[in-house]
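Visitor: Okay, predicted coordinates and the sequence, questions at the end:
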Amino acid sequence: MQQAPSKHIQQSAAAQMSEKTAHHPAKTLKIGIAGFGVVGKRRKDCIDRRPDMQVVAVCDRSFQGEGTLANDVRFYQDYRRLLAEDLDALIVCLTNDIAAEVTIAGLEAGLHVFCEKPPGRNVEDVVRVIKHERRHPSLKLMYGFNHRYHESVQEALRILRSGELGRVINMRGMYGKAKLMTFNQPDWRAKRDIAGGGVLLDQGIHMVDLMRLFGGDFTEVHSFVSNSHWGYEVEDNAYALMRSAEGVVGMLNSSATQWRHRFHLDINLQRGSLILGGILSGTKSYGAETLTVVQADPDNDQGDPKEQLTRYNKDASWDSEIATFADCVLNDRPVQSGNSNDALRTMQLVFKIYYADAQWRNTYNIPNPDVHE
Ligand SMILES: NC(=O)c1ccc[n+]([C@@H]2O[C@H](COP(=O)([O-])OP(=O)(O)OC[C@H]3O[C@@H](n4cnc5c(N)ncnc54)[C@H](O)[C@@H]3O)[C@@H](O)[C@H]2O)c1
């Protein structure tokens, strides 16, 4: 199962664009963006580069009143005012406390919805969204697990699926930053009632999602979760040891005490390794994005195998992810990567990690995420 996970990263943005134009030469999707902070603005930039999507309105409670931005984009404070616009799709870039509520409101208003990770504050939020999604089978719902769309990750997946290195044996993932709020981010990320969790739910969720993507679902989880360094009511470190039903073992550390920012995922397979090192981000603080493909020959290479390193210099993930969403909506294709099932499974694994530490579970009343199986 692990060498051919069921999720697929879809075709390149360019391929999607040409197909789309062939099917829908004139259609331009009218887009609303709920939450116009750092990521809301970034999503708008991606959409502004596309001829088949147009941002017509945005909302954020930090706006003063209502009015018009450049290019006649209308702005509101309240998301309900945004939903009263004539829209085709909604992009949700809000804080975690309101992400599920607005996603549901978008679906109930008949809109296709793209929502940033995390899909909510807890597993229950995702379960609620899925109930509403089922009532609207013609609408597309996609989640912003944008690390799936990095070129290094897509190439590693392609090699995994080719089978040339065999099946996955184990994975070691590390994703860390130096504080819970970096680069002057607002402080909601440290507030349990708004964020629902700390560094694991905010940043580590990308690594959890990638480990699922490469290794399948983990059924057994052991963990330590701690807030002992920064002392917020959300975690500043999570350490997990996990095993899938097929025997793949994953080790994870998600950290807000990693003084030099670091992203690293070792995937060890039967005949070599795929090593993702660094990830391109707006801040460039996670180093160069590289994929090292190791071809092992243990009888002859004396532990010094052949390696090929590719360095990626452009982050196309944001554009490529939005291109996939546009393709699903315009060409009525199912969302295959980053759908609500991925959101549910990834959130369940995050909460299995919280739940597996008895002290953390009791302190913060973490419910058993498996009740939603
Ligand atoms: N995919 C990624 O790699 C990635 C990266 C960063 C952030 N994110 C996600 O994007 C989302 C937004 O993050 P951000 O960094 O842009 O945060 P942000 O704080 O910059 O933006 C959130 C915005 O939501 C607004 N808001 C909050 N509650 C509101 C309400 N009730 N009504 C209207 N507006 C409201 C805030 O005023 C703020 O401007 C989060 O879910 C975050 O996890 C994803």
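Guide: That came in fine, so what should we check first? Numbers count the residues shown, from 1 in each chain.
Visitor: burial count for whatever residue of the chain ends up closest to the ligand?
Guide: Going by C-beta to the nearest ligand atom, the ligand is nearest to Gly37 of the chain, at 2.0 Å. To be clear about C-beta, it is placed using only N, CA and C from the backbone, and glycine gets the same treatment. For Gly37, the number of neighbouring residues by other C-beta atoms under 10 Å comes to 15.
Visitor: Do I have it right that it meets Asp60?
Guide: Yes: with contact defined as C-beta atoms under 8 Å, Gly37 counts as touching Asp60 (6.8 Å).
Visitor: what's the residue closest to the geometric middle of the protein?
Guide: Phe145 (1.8 Å; C-alpha atoms, centre = their mean).
Visitor: ok, now how distant is that residue from Tyr79?
Guide: 23 Å (C-beta to C-beta, to the nearest Å).
Visitor: again, but for Leu160
Guide: 39 Å.
Visitor: what do you get for Thr103?
Guide: Going from Thr103 to Tyr79 by C-beta to C-beta gives 10 Å.
Visitor: Looking at those two, which is more packed in?
Guide: Per other C-beta under 10 Å, whichever of Thr103 and Tyr79 has more neighbours is Thr103, with 31 against 22.
Visitor: burial measure for Val127, as a count.
Guide: Val127: 18 neighbours (other C-beta under 10 Å).
Visitor: Show the pLDDT at it.
Guide: pLDDT, Val127: 97.
Visitor: So it belongs to a helix, correct?
Guide: Yes: per DSSP: H, G, I helix; E, B strand; the rest coil, Val127 lies within a helix segment.
Visitor: which residues does it contact?
Guide: With contacts defined as C-beta atoms under 8 Å, 6 or more residues apart in numbering, the neighbours of Val127 are 344, 372.
Visitor: same question, Val126
Guide: So Val126 contacts 100, 119-120, 340, 343-344, 347 (C-beta under 8 Å, 6+ apart).
Visitor: In strands only, show me these.
Guide: Among the contacts of Val126, no member falls in strands (DSSP state E).
Visitor: Please confirm that Phe325 is located within a helix.
Guide: Yes: under three-state DSSP, Phe325 sits within a helix.
Visitor: Check the burial of it by counting its neighbours.
Guide: Using other C-beta under 10 Å, Phe325 has 28 neighbouring residues.
Visitor: With the one 10 residues further on instead?
Guide: Applying the criterion other C-beta under 10 Å, we find 22 residues in the vicinity of Val335.
Visitor: I'd like the distance between it and Lys117.
Guide: From Val335 over to Lys117 the distance is 14 Å, taken as C-beta to C-beta.
Visitor: still on that earlier bit, which pLDDT value does the model give the residue of the chain closest to the ligand?
Guide: For Gly37, the pLDDT comes out at 97.
Visitor: give me phi/psi at it?
Guide: Backbone torsions for Gly37, taken as degrees, to the nearest 10, come to phi -90, psi -150.
Visitor: Contacts only, for it.
Guide: Taking C-beta under 8 Å, 6+ apart, we find Gly37 in contact with 60, 62, 93, 186.
Visitor: show me where pLDDT drops low in the stretch 51-200 of the chain?
Guide: Scanning the stretch 51-200 of the chain for pLDDT under 70 picks out no residues.
Visitor: Spell out which parts of it neighbour the ligand.
Guide: Counting by C-beta under 6 Å from any ligand atom, the stretch 51-200 of the chain comes close to the ligand at 59-62, 79, 93-96, 98-99, 116-118, 144, 146, 186.
Visitor: Mind listing the residues bridging to Val249?
Guide: For Val249, the beta-bridge partners are Asn170, Arg243 (DSSP bridges).
Visitor: thinking again about what came up before, where helices are concerned, which of the contacts of Val126 count?
Guide: 100, 340, 343-344, 347 (DSSP state H).
Visitor: pretty sure the residue nearest to the centre of the chain contacts Glu116?
Guide: No: contact criterion C-beta under 8 Å: Phe145 and Glu116 do not qualify, at 9.3 Å.
Visitor: ok, back up a step: export the contacts of Val126 as CSV, with columns for neighbour count.
Guide: Shown next, in CSV, are those (neighbours: other C-beta atoms under 10 Å):
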residue, neighbour count
Ala100, 24
Pro119, 28
Gly120, 24
Ser340, 21
Ala343, 28
Leu344, 19
Met347, 30
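Visitor: Out of those, which comes closest to Lys41?
Guide: Closest to Lys41 out of the contacts of Val126 is Pro119 (20.8 Å), distances taken as C-beta to C-beta.
Visitor: hmm, who's touching whichever helix or strand Ile159 is part of?
Guide: Per DSSP states H and E: Ile159 is located in helix 151-162. Outside helix 151-162, the residues that touch it by C-beta under 8 Å, 6+ apart are 3-5, 9, 147-148, 165, 168, 210, 213-214, 267, 269, 274, 276, 279, 289-291, 293, 310, 312, 314, 316-317.
Visitor: Could you tell me which of those residues count as buried?
Guide: Neighbour-count burial (16 or more other C-beta atoms under 10 Å) applied to those gives 3, 5, 9, 147-148, 165, 168, 210, 213-214, 267, 269, 274, 276, 279, 289-291, 293, 312, 316-317.
Visitor: Point out the ones among these that are inside helices.
Guide: Mapping those onto helices (DSSP H) picks out 210, 213-214, 317.
Visitor: ok, and the most crowded of the contacts of Gly37?
Guide: Neighbour counts for these (other C-beta under 10 Å) peak at Cys93, which has 24 neighbours.
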